[in-house]
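**Student:** Give me coordinates for this.
(2 chains)
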Amino acid sequence: MDPLAFAEASHHLYQWIGVLNTALLLTSSFTMALAARAAHRAYSAAFRVLLAVTILLGVLFLGFKTLEYSLDWRDRIVPGLWFSPPAGPENPRHVELFMIFYFVMTGLHTLHVIVGLLVLSTLLFRSFRTPAGRLSHTAELAGLYWHFVDLVWIFLLPLLYLIA
Amino acid sequence: MKPQSAKHRASEWFDRTLARTFGSLLALLALTVLLAHAGLGPLATVTGLLIAGVKAGLVGIVFMELRASTRAQRLAAVAGLAWLTILIGLTITDVLTRWRG
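**Tutor:** Okay, here's the model as predicted:
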């Protein structure tokens, strides 16, 4: 394994999807922070709308992730028997190792996004029966989790997509 | 439940500090992408991670309300970040110190 092979392998990824997904998650963190603030100040309508927008942005993230994984599959850069990357100067085994890093790290992250969306959806469901002011503490905790998922992705972008 | 001032300011739920932070985060994202294509070589990964650190700081301090937290909460956050640095650091060290072949 050597760094040049990782840089080479990184070029097989769809950088525009990685960058777009970063923008989506950053925006969703912003709307989540606003939602928590709205709950704290007992604005039920604003809370619901901001929460719904946050969920929508999360779903969009998953949509682009799905598109990216299917493109990776088409390009045959998914590790395993079908693995057959475009011919490059590097050892394909090194590229495969990088792809294992990529799929484990982004896969685990995607799992956390799905859990976050379940948490936020539950919160949105509850907000139709409970005033936002009483959900303030729950919203803050759900927000902490959502921001954490965002934090992890912030580091995954340069680690996986932007290696030169 | 609503504060008294709510009657006077319709968009009380909006927050300028949060909006400014969001703007900075997008600007830093653009900077990361630009620097990744600026031909910095091996330095690109380092600058990318440094900018990621700044972004993480903004998210933690403003979005996760660390600025309004107690010292114990801040200590817990810094400890978490320290462990993340160790985990990612060791992974990178492993990759960077192996010879080709």
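
**Student:** Against chain A, how distant is the residue most central in space within chain B?
**Tutor:** The structure's chain B has its C-alpha centroid closest to B:A56; by C-alpha atoms, centre = their mean the separation is 1.5 Å. B:A56 is 5 Å from chain A, where distance means C-beta to the nearest C-beta, to the nearest Å. Any C-beta I mention is one placed from the backbone N, CA and C, and that applies to glycine too.

**Student:** Not counting its neighbours along the chain, what's nearest whichever residue of chain B sits closest to chain A?
**Tutor:** Scanning chain B for the residue nearest chain A gives B:G48, at 3.0 Å (criterion: C-beta to the nearest C-beta). Using C-beta to C-beta, 6 or more residues apart in numbering or on different chains and skipping the chain neighbours, the partner closest in space to B:G48 is A:P158 (3.0 Å).

**Student:** try A:F98
**Tutor:** In space, A:F98 is closest to A:A9, 3.6 Å off (C-beta to C-beta, 6+ apart).

**Student:** dump the residue contacts of A:D150.
**Tutor:** A:25-26, A:28-29, B:59, B:63 (C-beta atoms under 8 Å, 6 or more residues apart in numbering or on different chains).

**Student:** Report the secondary structure state of it.
**Tutor:** Assigned by DSSP: H, G, I helix; E, B strand; the rest coil, the conformation of A:D150 is helix.

**Student:** Same question for the one 5 residues further on.
**Tutor:** Secondary structure state of A:F155, per three-state DSSP, is helix.

**Student:** Find the residue closest to it in space, skipping its chain neighbours.
**Tutor:** B:A52 (5.0 Å).

**Student:** Okay, and A:V49 sits in which element?
**Tutor:** helix A:44-74 (DSSP states H and E).

**Student:** mind listing what A:L71 touches?
**Tutor:** By C-beta under 8 Å, 6+ apart, A:L71 lies in contact with A:Y14.

**Student:** Give me the buried positions along the host helix or strand of B:R74.
**Tutor:** For B:R74, the host element (DSSP H and E) is helix B:71-96. The neighbour-count check on helix B:71-96 (16 or more other C-beta atoms under 10 Å in any protein chain shown) flags B:92, B:95 as buried.

**Student:** For that helix, what does the pLDDT average out to?
**Tutor:** Mean pLDDT, helix B:71-96: 85.

**Student:** The closest residue in space to A:G133 that isn't next to it in sequence and A:G107, how far apart?
**Tutor:** In this structure, A:G133 finds its nearest non-sequential neighbour in A:A42, 3.4 Å apart by C-beta to C-beta, 6+ apart. Separation of A:A42 from A:G107 (C-beta to C-beta, to the nearest Å) stands at 39 Å.
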